[in-house]
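Enquirer: Curious how this folds, go ahead:
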Amino acid sequence: LGAYDALQVDLYDHEAAAPVLDSPDFYADCRNALTDDGCLTVNLFGRDASYEQSLQSLCAAFGDDAVWAFKPTREGNTVVLAQRTPSRPTRLQLLARAEVVQERWGLPAVKWMKLFKPVA
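Expert: Coordinates of the predicted model:
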C-alpha cells in the first residue's frame with residue numbers, strides 16, 4: 001500500500017501540446033503510491049482531443065466510480081480527481097464539506113460545487 005495521501009501531477013511538458021505521462025500503467029503506478037484515502041489530481045485540457053483518452057486511462061487504473069472532474073474553464077483546463085478508494089458522498093455531504101473549506105480557508109468551495117461531479 002502506498003505512502004501518500006495526495007499526488008498532484010503535471011502531465012505536460014514545456015510545449016503543453018498533449019499529456020506526456022498519460023497511460024493506464026502510469027496512472028496505476030500513481031494509484032499504488034496512494035494510501036487508502038489518497039487522491040490524485042491532474043490538470044487536463046478539457047477541450048482537447050486527448051481529454052477523453054486521458055479519462056479512459058484514469059478510469060482503467062482507478063475504476064469508473066473513482067474519477068471526478070470539474071467543468072473546463074474558459075481556457076479549457078479541467079482538474080480531474082481520482083480516488084484510491086472510491087466514495088460517492090451525497091451532494092449534501094459535499095456541500096457541508098465545501099462550507100467547512102470556505103469558512104476555514106476563505107476559498108469559494110461552495111461555488112465550486114456547481115462545477116464538480118463524478119465522471120461516470
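Enquirer: Now do the contacts for the nearest residue in space to residue 24 that is not next to it in sequence.
Expert: Spatial nearest neighbour of residue 24, excluding adjacent residues (CB to CB, 6 or more residues apart in numbering): residue 60 at 4.1 Å. (Glycine included, C-beta is placed from N, CA and C.) By CB atoms under 8 Å, 6 or more residues apart in numbering, the contact list for residue 60 reads 24, 27, 28.
Enquirer: Got phi/psi on residue 60?
Expert: Dihedral pair for residue 60: phi -60, psi -40, per degrees, to the nearest 10.
Enquirer: ditto for residue 13
Expert: Dihedral angles (degrees, to the nearest 10) for residue 13: phi -90, psi -170.
Enquirer: how far away is the closest residue to it other than its chain neighbours from residue 45?
Expert: With CB to CB, 6+ apart as the criterion, residue 13 has its nearest non-adjacent residue at 4.9 Å, and that residue is residue 20. Per CB to CB, to the nearest Å, residue 20 is found 13 Å from residue 45.
Enquirer: For these two, work out which one has more neighbours and name it.
Expert: Neighbour count, other CB atoms under 10 Å: between residue 20 and residue 45, residue 45 has more, with 21 against 13.
Enquirer: what about the nearest residue to that one once chain neighbours are set aside, how many neighbours?
Expert: Leaving aside its sequence neighbours, residue 45 sits nearest to residue 76 (CB to CB, 6+ apart; 4.9 Å). Residues lying near residue 76 (other CB under 10 Å) number 12.
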